[in-house]
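[1] Have a look; sequence and predicted model below, questions after that.
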Amino acid sequence: MDKYEYFSGLPEVGIVPRAPHAGPLLRHVFEQEHGRGGFAGKVSHTYHLYPPTNWLPDETRVLDAFAPDWESPLRPIGGVHHALGVAPAEPARDVYRGMARIVANAGSAMNVTAPRAPMDYFFEHHSASMVFFVHEGRGTLETTFGPIEYRPGDFLIVPKGVTHRFEPAAGPQYFWMYESFAGDPEKSESPTTGRFLTHSASDYRFPRTLDTRNEAGRFEIVSKVERAYTRRVHPTHPFDVIGWRGDYLPYKFAVEDVRPLVADRSHVPPSGHTIFKLPGCYLCVFTVRSVEKEGMWLPFFHRNLDYLETLGYHFGEYFNAGGVVTRGMVTLHPVGLPHGPKPRALQTFLDGVNPGVHNEVAIMADFANPTQVSEYALGLSRRDYMGAWGAYTTDERFTYRPDRLAEARALGERLADARDALRPPDDEGRA
Ligand SMILES: [Fe+2]
């Protein structure tokens, strides 16, 4: 026994050998490596009661039409904004059989699922690491590395290849799921604001409780590689792990642990709220935060020339949703098409009103061009969304006036040197 306690340079739980591939324990348990980048990237090792290759060879089947909406055909998107209605929970399907693609590019994708049935199998995604956002529902995500309890507002990160199963509690479940094909989601950090904005790695919750199963039976695992779904069957429970070590792990992260960047005098652009970077996508959280005191507190009109923008509405008043978008809906703003404040929001700003707090939580994921939309998503698209900006053609504040140019020129001259009110006193002490 050492005089002092130490922690290992890699996270570890349960019974593990002194180092990977080394020591006498390996003659008694079965080590499995889970790693990225060939054999040189991030890695974890699990220690099993039984070999992970103990499948029943005659039981392996290719599954046709396992998750048809996940493979919904893709087509180019542009020129029209879309607001997608809430995905239906009927017919009742489980998390993956009911998974539906919304948009995708070469590196990443957004999906939605509204499961109503339990999973009677385990799942492994062999083509992507997954980031779930739990919009609705509670339950347990069971994994090789241990169980993770979830509730609304949690992100669940399931790295590529990790065996898992959702055990939902009673009640509706509704998830958005972001796939990262080419690499793992990475924590976003700006070189000028450091490691703790907009969240800290210490906010991540990795499983630490092993729920080891020494069970015999018939355990089905469905794996996905691109469009190929395959079922294999093992005679022992896949969660027969007595210990693990490494940093390639599933984890959860609560949206309330996002501590957003705010600015009194300027509008923080959407990318200032990025929490994860995926290949070809950045994922942001707009959360409850104080409203800018001066300057533009609304989104400015913009056209995103290299990204399609998706926005999932989780909670709140959605000051800029124009009364069109409600909880659970997703908007798609395609590459190049102008958008920005809805008329009612802009009227509020022009009237000098400041609401004080943005009382909302929404998840934005911007996908690099070329990004395509699924036929499934187009089936949820509401016809009235382009009309959400309609007051710009009817409200007299925004429509043609013969004296408009002269008015703007006069204002321009008068306001050219106007400054913020938030400023230090000058040499004579005047504020
Ligand atoms: Fe935008």
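    Here it is on my side, so go on. Residues are numbered from 1 along each chain as shown.

[2] Any stretches of the stretch 201-350 of the chain with poor pLDDT?
    318-323 (pLDDT under 70).

[3] tell me the strands in it, going along the chain?
    216-225, 228-236, 241-246, 251-254, 274-278, 281-286, 289-290, 307-316, 330-333 (DSSP state E, counting those that start in this stretch).

[4] Phe175: which of those strands is closest?
    If you check each of the strands of the stretch 201-350 of the chain against Phe175 by C-beta to C-beta, strand 307-316 wins as the nearest, at 10.1 Å. (C-beta placed from N, C-alpha, C; glycine too.)

[5] Check which helices and strands that closest one is in contact with.
    Here strand 307-316 touches strand 100-104, strand 129-136, strand 330-333, strand 360-368, going by 3 or more C-beta pairs under 8 Å, 6 or more residues apart in numbering; DSSP states H and E.

[6] Show me what Asp330 is bridged to.
    One thing to correct before we go on: residue 330 is Val, not Asp. Beta-bridge pairing of Val330 under DSSP bridges involves Leu84, Gly312.

[7] re the thing from before, now mean neighbour count too, for the strands of the stretch 201-350 of the chain, in CSV please.
    Compiled in CSV, the strands of the stretch 201-350 of the chain are given as follows (neighbours: other C-beta atoms under 10 Å):
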stretch, mean neighbour count
strand 216-225, 16
strand 228-236, 17
strand 241-246, 22
strand 251-254, 19
strand 274-278, 22
strand 281-286, 24
strand 289-290, 16
strand 307-316, 22
strand 330-333, 24
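
[8] Same list (these) but as CSV, adding distance to Arg409.
    As requested, those are exported to CSV (distance: least, C-beta to C-beta, whole Å):
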stretch, distance to Arg409
strand 216-225, 61
strand 228-236, 64
strand 241-246, 65
strand 251-254, 51
strand 274-278, 39
strand 281-286, 36
strand 289-290, 35
strand 307-316, 34
strand 330-333, 32
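
[9] Is it possible to get CSV of the helices and strands packed on strand 307-316 that adds distance to Ala345?
    Shown next, in CSV, are those (distance: least, C-beta to C-beta, whole Å):
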stretch, distance to Ala345
strand 100-104, 25
strand 129-136, 23
strand 330-333, 14
strand 360-368, 12
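
[10] what's the closest of the ones you listed to Leu10?
    Across these, closest to Leu10 is strand 129-136 (C-beta to C-beta), at 19.3 Å.

[11] That closest one pairs with which strands, and in what direction?
    strand 154-158 (antiparallel), strand 174-180 (antiparallel).

[12] Nearest to Asp64 among the strands of the stretch 201-350 of the chain would be which one?
    strand 228-236 (8.1 Å).

[13] which other residues reach that closest one?
    49-50, 54-56, 59-63, 66-67, 121, 214-223 (C-beta atoms under 8 Å, 6 or more residues apart in numbering).

[14] all helices of the protein, in order?
    343-350, 375-380, 404-415 (DSSP state H).

[15] These: which one's closest to Phe181?
    Of all these, helix 375-380 comes closest under C-beta to C-beta, at 18.4 Å.

[16] which strands and helices sit next to the closest one?
    So helix 375-380, by 3+ C-beta pairs under 8 Å, 6+ apart, packs with strand 74-76, strand 82-84, strand 100-104.

[17] Quick check: mean pLDDT of stretch 351-358?
    Averaged over stretch 351-358, pLDDT sits at 91.

[18] that older thread, output the helices of the chain as a markdown table; include the columns distance to Tyr313.
    Shown next, in a markdown table, are those (distance: least, C-beta to C-beta, whole Å):
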| stretch | distance to Tyr313 |
| --- | --- |
| helix 343-350 | 15 |
| helix 375-380 | 14 |
| helix 404-415 | 35 |
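
[19] Out of those, flag the one nearest Gly328.
    Of the helices of the chain, nearest to Gly328 by C-beta to C-beta is helix 375-380, at 10.8 Å.

[20] quick one: contacts of that closest one?
    By C-beta under 8 Å, 6+ apart, helix 375-380 touches 69, 72-75, 82, 84-87, 100-103, 332.

[21] try 6 Å
    Residues outside helix 375-380 that contact it (C-beta atoms under 6 Å, 6 or more residues apart in numbering): Asp69, Ser72, Pro73, Leu84, Gly85, Ala100, Ile102.

[22] most surrounded residue in the residues you listed?
    Scoring those on neighbours with other C-beta atoms under 10 Å, the highest-scoring entry is Ile102 at 28 neighbours.

[23] tell me the contacts of it?
    Here Ile102 is in contact with Met110, Val112, Ala377 (C-beta under 6 Å, 6+ apart).

[24] how many other residues sit next to Tyr174?
    21.

[25] From Met130, how far off is the residue located most distally from the centre of the chain?
    The C-alpha centroid of the chain is most remote from Glu428, which lies 52.1 Å away (C-alpha atoms, centre = their mean). According to C-beta to C-beta, to the nearest Å, Glu428 and Met130 sit 61 Å apart.

[26] gap between the two ends of stretch 367-379?
    20 Å (C-alpha to C-alpha, to the nearest Å).

[27] I should have written stretch 30-46 there, sorry.
    For stretch 30-46, the end-to-end distance is 8 Å (C-alpha to C-alpha).

[28] neighbouring contacts of that stretch?
    Residues beyond stretch 30-46 that count as contacts (C-beta under 6 Å, 6+ apart) turn out to be 20, 47-48, 51-52, 144, 161, 241, 244-248.

[29] that older thread, can you add neighbour count, pLDDT and distance to His34 and give the contacts of Ile102 back as a markdown table?
    Formatted as a markdown table, those follow (neighbours: other C-beta atoms under 10 Å; pLDDT from 0 to 100; distance: C-beta to C-beta, whole Å):
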| residue | neighbour count | pLDDT | distance to His34 |
| --- | --- | --- | --- |
| Met110 | 29 | 98 | 25 |
| Val112 | 25 | 98 | 27 |
| Ala377 | 27 | 98 | 32 |
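
[30] Show me which of these is closest to Thr310.
    Closest approach between the contacts of Ile102 and Thr310, by C-beta to C-beta: Met110, at 5.4 Å.

[31] Check the spacing between the closest one and Val131 real quick.
    10 Å.

[32] Need the residues touching each of the two.
    Common neighbours of Met110 and Val131 (C-beta under 6 Å, 6+ apart) are Tyr178.

[33] Tell me the spacing between Ala406 and Glu413.
    Taken as C-beta to C-beta, the span from Ala406 to Glu413 is 11 Å.

[34] distance between stretch 182-190 and the chain's centre?
    Distance of stretch 182-190 from the chain centroid (C-alpha atoms, centre = their mean, to the nearest Å) equals 12 Å.
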